[in-house]
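# The following comprises the amino acid sequence and a computationally predicted model.
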Amino acid sequence: MAVNSRLSGVKDLSISERRARIARGAAVEPESLEVLDPERGLTLEQADHMVENAIGVLGVPLGVATNFTVNGRDYLIPMATEEPSVIAAASNAARIARVTGGFTTSTTEPLMRAQIQVLDVADPHTARLRLLEAREELIALADAQDPQLLRFGGGVRDVDVHLVDAPAGTYVVLHLIVDVRDAMGANAVNTMAEAIAGRVGEIARGRTLLRILSNKADLRLCRARAVFDAEALGGPEVVDDIVHAAALAEADPYRAATHNKGIMNGVIAVVLATGNDTRAVEAGAHSHAIGRYRGYTSLSHFEKDSDGNLVGALELPMAVGLVGGATKVHPVAQAAVALLGVTTARELGEVITAVGLAQNLAAVRALATEGIQRGHMSLHARNVAVTVGATPDELPLVVARLVTDRAVRADHAEKVLAELRGEG
Ligand SMILES: CC(C)(COP(=O)([O-])OP(=O)([O-])OC[C@H]1O[C@@H](n2cnc3c(N)ncnc32)[C@H](O)[C@@H]1OP(=O)([O-])[O-])[C@@H](O)C(=O)NCCC(=O)NCCSC(=O)C[C@@](C)(O)CC(=O)[O-]
Ligand SMILES: NC(=O)C1=CN([C@@H]2O[C@H](COP(=O)(O)OP(=O)(O)OC[C@H]3O[C@@H](n4cnc5c(N)ncnc54)[C@H](OP(=O)(O)O)[C@@H]3O)[C@@H](O)[C@H]2O)C=CC1
């Protein structure tokens with residue numbers, strides 16, 4: 001059955017009704033979502049196998065963003081985040097993008113790099129050539145470490161050698177470029193790097209030190225673009241102001257950091273929900289945000305097309321996988337992947353990038369129009385009301401007052417609650 005992500009009013013349903021609606025929309029069995037109950041999710045025993053000195057598990061809310069179409073296919077997107085308004089914002093932007101066909105994405109081959117550092121080389125320039133001459137030997141040695149990866153069509157694709165001038169001298173750094181297929185790839189690539197380091201040191205005639213993956217995954221890029229209809233955004237002035245807002249992020253690193261944080265609100269929520277390594281994706285993204293002609297800049301770009309609509313584009317390194325790490329062992333991550341319905345790491349990366357672009361558009365649109373507080377703080381108000389002890393019956397009343405009074409603060413919530421209880 002085809003997925004239908006265009007779901008309206010999901011927020012107004014109870015959790016069980018919502019699950020049933022999402023399961024229907026995603027064309028998965030409703031029972032497959034039962035593992036999302038806190039008491040059915042990751043067990044203490046499983047946690048104890050995942051990390052050291054485990055003493056418990058941390059619950060993070062898992063929601064579903066609606067309305068996404070990517071490359072003509074609908075997706076319901078599982079997002080794990082502690083931040084209010086993120087999932088609403090992604091759904092809102094995806095609803096707008098849908099008007100013009102949704103998101104279009106593309107990706108490079110899933111290539112990761114490992115680095116092998118060689119010290120104390122007397123003739124670094126000549127060592128570089130000796131290593132390049134040994135390319136076939138080094139590739140064969142590395143490939144022999146992971147026959148399984150080769151069977152899946154992956155394996156080493158190239159070697160590259162960089163000479164890195166550092167205060168302590170010139171290091172010869174060999175890069176091993178590996179197609180990791182559906183893996184995130186760190187373990188696979190690190191094993192290869194450690195296995196060939198001895199031979200690299202011999203050929204370079206130096207001492208090897210670091211042998212590790214690079215998180216600057218600049219050969220593994222995902223790209224997403226979308227057209228956002230001017231009318232659906234609020235009119236031509238909104239388009240112009242979003243372009244100005246994005247231009248500030250391109251020119252000013254203080255704004256770029258926040259703009260990129262908005263992108264990562266969406267990206268990391270899906271990375272976490274699917275059991276992937278959030279730090280690897282963050283490191284890759286921020287290293288990619290160093291512009292070619294200037295310093296730290298925005299990861300996305302917004303411009304106006306010839307029809308007056310807004311066009312958004314985002315490119316990100318995307319080291320995510322489906323076969324290893326927590327994705328393989330965490331029952332909730334497995335349910336999230338099944339709900340998402342992706343079958344390759346590339347498809348997962350492309351969907352994540354589309355979510356990053358949607359998240360970015362939603363935030364910048366709010367900033368360029370009414371400001372962030374109305375949408376974000378009205379959803380955050382629920383947190384504040386619960387923190388001061390509002391019961392489920394009192395919650396809507398307290399939230400409504402905090403929003404009307406434009407004072408989403410704990411002290412004000414306490415005052416409102418006291419008034420409501422006749423104690424004020
Ligand atoms: C919050 C909205 C979406 C409200 O926006 P709105 O226009 O009031 O929403 P609406 O009630 O008209 O609903 C429109 C659609 O949004 C979704 N939606 C709307 N409300 C909900 C909800 N409660 N639960 C689930 N989904 C919701 C839902 O898809 C809904 O469609 P419908 O279901 O009605 O057909 C909007 O104001 C918005 O997009 N704001 C941006 C919020 C944001 O970016 N939050 C991130 C946290 S702030 C931050 O960390 C980053 C930042 C901002 O600093 C980055 C930067 O500076 O660039
Ligand atoms: N700097 C960093 O970012 C670092 C990250 N990590 C961690 O590494 C983990 C990810 O490493 P990763 O190598 O992905 O995990 P795994 O080693 O668990 O998975 C990769 C392995 O899965 C097997 N495999 C099965 N099917 C496929 C397929 N379709 N495509 C590709 N490989 C397949 C391959 O061989 P086989 O079956 O023989 O294993 C491959 O080597 C994460 O937990 C991450 O946190 C670790 C160190 C550093």
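Nice, thanks for sending it over. Numbers count the residues shown, from 1 in each chain. Ligands and ions are numbered 1, 2, ... in the order given.
# Ligand 1 contacts on the stretch 1-150 of the chain?
8-9, 11, 66-67, 83, 85-86, 88-89, 91-92, 95 (C-beta under 6 Å from any ligand atom). (Glycine included, C-beta is placed from N, CA and C.)
# Format these as TSV; extra columns: neighbour count.
Formatted as TSV, those follow (neighbours: other C-beta atoms under 10 Å):
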residue	neighbour count
Ser8	10
Gly9	8
Lys11	12
Thr66	27
Asn67	24
Glu83	16
Ser85	20
Val86	25
Ala88	19
Ala89	27
Ser91	25
Asn92	21
Arg95	19
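# hmm, which two among these are most spread apart?
Ser8 and Glu83 (22.9 Å; C-beta to C-beta).
# Okay, now the unreliable bits of the stretch 301-424 of the chain?
424 (pLDDT under 70).
# Show me what from it comes close to ligand 2.
Residues of the stretch 301-424 of the chain lying near ligand 2 by C-beta under 6 Å from any ligand atom: Gly321, Val323, Gly324, Gly325.
# Which ones among those lie within helices?
The helices, defined by DSSP state H, take in Gly325 from those.
# ok, the residue of the stretch 201-350 of the chain found nearest ligand 2 - how many residues close by?
Residue nearest to ligand 2 within the stretch 201-350 of the chain: Gly324 (2.4 Å; C-beta to the nearest ligand atom). Residues contacting Gly324 under the criterion other C-beta atoms under 10 Å number 19.
# what's the spacing between it and Val281?
Going from Gly324 to Val281 by C-beta to C-beta, to the nearest Å gives 15 Å.
# Thr191 falls within a helix, correct?
Yes. Applying DSSP: H, G, I helix; E, B strand; the rest coil, one finds Thr191 inside a helix.
# Quick one: neighbours of it, just the number.
With other C-beta under 10 Å as criterion, Thr191 counts 16.
# so the spatially closest residue to it that is not a sequence neighbour, which of the three states?
Leaving aside its chain neighbours, Thr191 sits nearest to Gln145 (5.2 Å; criterion: C-beta to C-beta, 6 or more residues apart in numbering). Secondary structure, three-state DSSP: Gln145 is coil.
# what sits against Val323?
Asp182, Ala183, Ala345 (C-beta atoms under 8 Å, 6 or more residues apart in numbering).
# Check the residues you listed for burial and list the buried ones.
Asp182, Ala183, Ala345 (16 or more other C-beta atoms under 10 Å).
# Could I get the buried residue list for the one helix or strand Val239 maps to?
Assigned by DSSP states H and E, Val239 belongs to helix 236-251. Across helix 236-251, burial judged by 16+ other C-beta under 10 Å covers Val238, Val239, Asp241, Ile242, Val243, Ala245, Ala246, Ala249, Glu250.
# Can you tell me which helices and strands it packs against?
Judged by 3 or more C-beta pairs under 8 Å, 6 or more residues apart in numbering; DSSP states H and E, the packing partners of helix 236-251 are helix 230-233, helix 253-273, strand 300-304, strand 310-317, helix 345-368.
# For stretch 97-106, give me every contacting residue.
Here stretch 97-106 makes contact (C-beta under 8 Å, 6+ apart) with 6, 67-72, 94, 222-229, 232, 309, 350-351, 353-354, 357-358, 361.
# I'd like to know which of the residues you listed are buried.
67-71, 94, 222-229, 232, 309, 350-351, 353-354, 357-358, 361.
# Specify which residues of the stretch 101-250 of the chain, grouped into ranges, have pLDDT under the cut-off.
Judged by pLDDT under 70, no stretch of the stretch 101-250 of the chain qualifies at all.
# Ligand 2 contacts on that one?
146, 148-149, 152, 154, 180-188, 190, 213, 215.
# Buried among those? Make that a PyMOL selection.
Here is the PyMOL command that selects the buried residues among these (16+ other C-beta under 10 Å):
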select buried, resi 146+149+154+180+181+182+183+184+185+186+188+213+215
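# What residues of stretch 383-398 count as buried?
For stretch 383-398, using 16+ other C-beta under 10 Å, the buried residues are Val384, Ala385, Val386, Val388, Ala390, Glu394, Val398.
# For the last one, give me its contacts.
Taking C-beta under 8 Å, 6+ apart as the definition of contact, the neighbours of Val398 are Ala381, Ala385, Val388, Ala390, Ala413, Val416, Leu417, Leu420.
# Equivalent analysis for the first one, please.
Under the criterion of C-beta under 8 Å, 6+ apart, the neighbours of Val384 are Leu402, Val408, Arg409, Ala410, Ala413.
# go on, the second one?
Taking C-beta under 8 Å, 6+ apart as the criterion, Ala385 is in contact with Glu394, Leu395, Val398, Val399, Leu402, Ala413, Leu417.
# just the fourth one next, same as before
Contacts for Val388 were tallied using C-beta under 8 Å, 6+ apart; they are Val398, Ala410, Ala413, Glu414, Leu417.
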